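Chemist: Please work out how this folds:
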Amino acid sequence: MINIELIRNDRELVKENIRKKFQEEKLPLVDEVYELDKKYRDAKNLGDNLRSEKNKLSSEIGNLMREGKKEEAEEIKKKVSENSVKIAELEREEEELSLQIREIMFKIPQIMDESVPIGKDDSENVEVERFGEPNVPDYEIPYHADIIEKLSGMDKESAGRTSGEGFYYLLGDIARLHEAMLAYARDFMIDHGFTYAIPPFMIHGEVVEGVMSFPEMEAMMYKIEGEDLYLIGTSEHSMIGRFKNQMIKPSSLPITLTSYSPCFRKEGGSHGLEERGLYRVHQFEKQEMIVLCEPEDSMKWYDKMWKLSVELFRNMNVPVRQLDCCSGDLADLKVKSCDIEAWSPRQKKYFEVCSCSNLGDAQARRLGIRVKGEEGNYYLHTLNNTVVATPRGLIAVIENNYNEDGSITVPEVLRPYMGGKEKISAK
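Modeler: Purely as a prediction, here's the structure:
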């Protein structure tokens with residue numbers, strides 16, 4: 001949610017940002033909010049004046065009563081009563097206008113960083129840099145689900161019976177590899193100074209509203225029937241929600257956290273070969289990184305965070321690249337975002353494994369997370385990035401460490417979490 005002052009003082013800037021995101025249908029919202037805000041301020045000013053007048057008149061009543069001027073005091077009482085009725089009406093009007101403004105403001109995109117490339121959709125995202133040589137071995141690499149099944153590491157058929165499409169059982173050494181990646185990601189982030197956290201896996205609707213846009217919520221999240229609770233699609237949601245309506249001391253910034261959670265997503269419309277395995281599922285596990293910081297430091301943290309993901313995947317022998325998300329692919333709450341994509345030697349192309357985002361003060365405004373400054377309170381900035389999400393990250397590790405004999409070489413950094421095992425082979 002942007003600062004209302006931008007609409008009061010520079011509507012064209014807000015409109016140009018909307019045009020760059022190819023959301024022309026939202027342009028009328030800017031003028032609509034502008035007019036509603038004028039009505040809101042007029043009502044507030046009139047209410048403030050009436051309240052001030054009411055206080056003065058109330059003071060006069062006491063003086064008149066002490067002087068024995070009862071009739072004059074009664075006339076003023078009538079005026080005070082009339083003011084009270086008008087004030088109540090204006091307060092109701094203010095509340096209604098405030099709710100209308102807030103609802104529309106939620107739909108107006110955050111102002112993007114100037115460095116965001118302009119493009120209509122993810123096909124126009126821009127590759128910035130590659131890390132590691134994308135290797136294609138001279139032997140065939142099977143589809144990841146087939147590799148795992150030959151290693152007795154997955155049972156989707158049984159999961160279909162117990163839970164339906166989009167669920168899975170991981171078994172044996174593949175399940176261990178999956179958990180080794182998460183444990184390594186946890187320790188990797190702790191070693192880089194982040195505090196480890198395990199958050200609630202369900203959150204209230206008002207927290208959901210504070211951390212993401214309504215279309216995202218509808219497309220992603222599962223709601224608990226009959227309760228104001230949603231299963232989280234990423235731990236960022238509950239981690240940022242932790243600070244709702246809090247006043248943060250400047251001395252405690254930056255707040256750097258790394259959180260583990262299962263994640264639940266609808267993932268509607270998935271189909272085809274790549275969806276048959278573990279690429280797009282309703283349930284997965286993830287290690288996340290979250291930063292709350294001073295506004296002037298957020299872009300520095302953004303660069304640091306995506307580079308940590310690169311380092312982690314390179315440590316597991318996975319070549320990756322960084323892509324800047326273009327304006328049309330940027331979610332409305334985000335100032336800037338990039339994807340880290342892992343190399344698939346089977347498909348001979350990259351696929352997304354991490355997403356790093358700077359949300360500016362959007363989430364802080366929605367959730368009321370402020371910093372107590374010496375010259376007044378202000379909103380901090382929030383950022384998030386995937387450390388590793390399995391099983392998508394698992395696919396990248398399996399393909400890039402697959403051997404011709406069907407075995408998988410366990411990356412050296414993961415071996416301490418697998419009892420020293422160096423290879424996973426069929427039994």
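
Chemist: ok, residue 31 - how many residues close by?
Modeler: Residues near residue 31, counting by other Cβ atoms under 10 Å, number 12. C-betas here are computed from N, CA, C, even on glycine.

Chemist: That one should be in a helix, yeah?
Modeler: Yes. Residue 31 forms part of a helix when assessed by DSSP: H, G, I helix; E, B strand; the rest coil.

Chemist: In contact with it, which residues are there?
Modeler: residue 11 (Cβ atoms under 8 Å, 6 or more residues apart in numbering).

Chemist: Over to residue 397?
Modeler: Counted by Cβ under 8 Å, 6+ apart, residue 397 has contacts 177, 181, 316-318, 408, 411, 414.

Chemist: So which of those residues sit within helices?
Modeler: 177, 181 (DSSP state H).

Chemist: Show me just the buried residues among the contacts of residue 397.
Modeler: Among those, those scoring as buried are 177, 181, 316-318, 408, 411, 414 (criterion: 16 or more other Cβ atoms under 10 Å).

Chemist: any chance you could map the helices in the stretch 301-427 of the chain?
Modeler: 362-367, 392-400 (DSSP state H, counting those that start in this stretch).

Chemist: Also the stretch 101-250 of the chain?
Modeler: Taking DSSP H, counting those that start in this stretch as the criterion, the stretch 101-250 of the chain carries its helices at 144-150, 156-162, 172-191, 205-211, 214-220, 235-241.

Chemist: Out of those, which is the most enclosed?
Modeler: Counting by mean count of other Cβ atoms under 10 Å, helix 235-241 has the highest mean neighbour count of these, with a mean of 26.

Chemist: residues in contact with it?
Modeler: With Cβ under 8 Å, 6+ apart, helix 235-241 has contacts from 197, 199-201, 203-204, 207-208, 210-212, 232, 257, 259-261, 263, 286, 288, 290, 292, 363, 367, 369, 382, 384.

Chemist: Now the closest residue to residue 156 other than its chain neighbours: phi and psi?
Modeler: Sequence neighbours aside, residue 168 is the residue nearest to residue 156 in space, at 5.0 Å (criterion: Cβ to Cβ, 6 or more residues apart in numbering). With angles defined as degrees, to the nearest 10, residue 168 sits at phi -160, psi 160.

Chemist: do residue 266 as well
Modeler: Here residue 266 shows phi and psi, under degrees, to the nearest 10, equal to phi -70, psi -40.

Chemist: for the closest residue to residue 340 other than its chain neighbours, what are its contacts?
Modeler: Closest residue to residue 340 apart from its sequence neighbours, by Cβ to Cβ, 6+ apart: residue 354 at 3.8 Å. With contact taken as Cβ under 8 Å, 6+ apart, residue 354 is in contact with 306, 309, 313, 339-340, 385-389.

Chemist: quick one on the thing from earlier: mind checking the helices of the stretch 101-250 of the chain for the one nearest to residue 133?
Modeler: Smallest distance to residue 133 across the helices of the stretch 101-250 of the chain (Cβ to Cβ): 20.8 Å, for helix 144-150.

Chemist: Mind listing residues that contact that closest one?
Modeler: 141-142, 154, 156, 174, 276-279, 346, 395, 398-399, 402, 406, 408, 426.

Chemist: chain center to that helix: distance?
Modeler: 32 Å (Cα atoms, centre = their mean, to the nearest Å).
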